[in-house]
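Asks: Structure for the following, please:
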Amino acid sequence: MTHHILKATTSTVHLGGFSNLLEPAIKVESGDTIDVETYTGYYIYDKAPPEFLTPEFLDICQNLSPERKIAAGPHLLTGPIYVKDAEPGDVLEVQLEAIAPSLPVGFNAIRSGWGALPNQFTQPALRFIPLDLANNTAEFPLNSGIKIPLKPFFGILGVATPEDSRSSVPPGYYGGNIDNRELQAGSRIFLPIFVPGGLFSLGDGHSAQGDGEVNVTAIETSMNGRIQLTLRKDLHFTTPIAETPTDIITMGFAPTLDAALEQALKNMIDFLEHFVNLSPEDAYVLCSLAVNFRITQVVNSPNKGVHGLLPKKLFEKAMKVIIN
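Replies: Alright, predicted model coming up:
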């Protein structure tokens, strides 16, 4: 097992989407760990305060080559990371070992025509929000006394698919812009692989976000993390599955919340069938009795997200070995 350091540079980031045509930023073996640097705010850097900017970030914003501008999404992603021997049909396990803001400021933006209330909040607005990294809080509004706990996570964790170009905005079966605030340090996500090497990328750091992410953005933050990538040829998921210290998480992505809920529910029933050996009907009943379904986000057009949380404590020690 090898430890790698992946800095964000003009040759290791890509903008706006995923592509199987991108040259890997790094190649790793299954089981390797990686310290990853990510930046956010590519399209608003010229409006940012000095503490939001670093020389490396400015270089990316001013000199990123056209070949690394994949689609129209706003996200700056680090990667892709190529995992040796990964093939379509395998699963990539991403262990999120550490996640922390790298700068003492983030931003929140309202975009015209986006968000849960686009007809009420029609004007674009950009706010830079200081982060109190010593106390792990952000005060908003400023001088209000309202202190928001920082719970950092990467909004985007995804792999490439056979499409040459795919926007970073919607989440899907490949992961992508999941925006699930449960996926903090200590969690892991399992992503199906669709192209050789997997071509995993991450970014869209969030220091704090409510379920729904209703105005389009969280506290968007340049974020550093340590991850471990493990190739799982023993698993055959076709949609992302995640695990936190307390829960197993299934997800649903669809144009409506009803359809997203249905997907998340069906995925949880499938999980309970295959890993807990329940009948479909018993799994359905258990979901009604003990699984908590929540709105992940409603703004990553065209797909909204719903996730289901299955408490691991229901299974005592048995759940610890469901996904070894």
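Asks: Now do the same for Gly79: helix, strand or coil?
Replies: Put simply, Gly79 is strand when judged by DSSP: H, G, I helix; E, B strand; the rest coil.
Asks: ok, and the closest non-adjacent residue to it?
Replies: Distances taken as C-beta to C-beta, 6 or more residues apart in numbering place Ser201 nearest to Gly79, at 3.2 Å, with adjacent residues excluded. For every residue, glycine as well, the C-beta is placed using N, CA and C.
Asks: the domain parsing of this protein - what is it?
Replies: 3-232, 241-314 (the TED database).
Asks: Quick one: low-confidence residue ranges for the chain.
Replies: When residues are selected by pLDDT under 70, those of the chain lie in 317-322.
Asks: residue boundaries of the helices in this structure?
Replies: 55-63, 257-276, 280-290 (DSSP state H).
Asks: number of nearby residues for the residue nearest to Gly79?
Replies: 30 (other C-beta atoms under 10 Å).
Asks: Same question for Pro280.
Replies: Pro280: 12 neighbours (other C-beta under 10 Å).
Asks: contacting residues around it?
Replies: Contact analysis of Pro280 by C-beta atoms under 8 Å, 6 or more residues apart in numbering lists Ile269, Glu273.
Asks: what does Tyr82 give?
Replies: Pro24, Ile26, Lys27, Val28, Gly197, Gly198, Leu199 are the contacts of Tyr82 under C-beta under 8 Å, 6+ apart.
Asks: In this structure the first one contacts Thr78, no?
Replies: Read that as Pro24. No - with contact defined as C-beta atoms under 8 Å, Pro24 does not reach Thr78; the gap is 11.5 Å.
Asks: Looking at the two, which is more packed in?
Replies: Set Pro24 next to Thr78 and count neighbours by other C-beta under 10 Å: Thr78 wins out with 28 against 17.
Asks: so how far is His206 from the more buried one?
Replies: Thr78 sits 15 Å away from His206, taking C-beta to C-beta, to the nearest Å as the criterion.
Asks: now Gly115
Replies: 16 Å.
Asks: same check, this time on Leu272
Replies: 30 Å.
Asks: more crowded one of these two?
Replies: His206 (28 against 23).
Asks: how distant is stretch 15-30 from the center of its chain?
Replies: 16 Å (C-alpha atoms, centre = their mean, to the nearest Å).
Asks: actually stretch 97-108, not the one I wrote
Replies: Worked out by C-alpha atoms, centre = their mean, stretch 97-108 lies 14 Å from the chain centre.
Asks: just use 20 as the starting number from now, easier for me
Replies: Noted, 20 is the first residue going forward, which turns the last one into stretch 116-127.
Asks: Nice, that's everything, thank you.
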